[in-house]
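Participant: predicted model follows, preceded by the sequence.
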Amino acid sequence: MLLIFLHSLSTEFYFFNSSLLCRQISFDTCLHCFSIVSTLFLSS
């Protein structure tokens, strides 16, 4: 019983971490794109 609980907990934790990582990556990408666009806009 405890093993099953621990397994589901670790799975939840893993999925939570991956979604967090995905969000972080997309946020960084957005930031990067925004800086490129603003740089292009300022230089034009």
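Facilitator: Perfect, thanks for sending it.
Participant: flag the shaky bits of this protein, pLDDT-wise.
Facilitator: Along the chain, no part satisfies pLDDT under 70.
Participant: helices along that one, start to end?
Facilitator: Applying DSSP state H to the chain gives helices spanning 2-43.
Participant: residues near I4, how many?
Facilitator: For I4, the neighbour count with other Cβ atoms under 10 Å is 8. Bear in mind the C-beta positions are built from the backbone N, C-alpha and C, glycine included.
Participant: and it, how far from F16?
Facilitator: 19 Å (Cβ to Cβ, to the nearest Å).
Participant: one more: R23?
Facilitator: 11 Å.
Participant: try F41
Facilitator: Taking Cβ to Cβ, one finds F41 at 37 Å from F16.
Participant: kindly report the same for H7.
Facilitator: For H7, the distance to F16 - Cβ to Cβ - is 15 Å.
Participant: go on, S43?
Facilitator: Remark: distance between S43 and F16 (Cβ to Cβ) = 41 Å.
Participant: comparing those two, which residue is more hemmed in?
Facilitator: Set S43 next to F16 and count neighbours by other Cβ under 10 Å: F16 wins out with 10 against 6.
Participant: quick one, what contacts the more buried one?
Facilitator: By Cβ atoms under 8 Å, 6 or more residues apart in numbering, the contact list for F16 is empty.
Participant: S43: what's it in contact with?
Facilitator: Contacts of S43 by Cβ under 8 Å, 6+ apart: none found.
Participant: mind checking how far it is from I36?
Facilitator: S43 is 11 Å from I36, by Cβ to Cβ.
Participant: what is the burial count for S44?
Facilitator: Around S44 there are 5 residues (other Cβ under 10 Å).
Participant: for it, what are its contacts?
Facilitator: Counting by Cβ under 8 Å, 6+ apart, S44 has no contacts.
Participant: quick one: it from N17, how far?
Facilitator: Distance, S44 to N17, by Cβ to Cβ: 41 Å.
Participant: go on, H7?
Facilitator: 16 Å.
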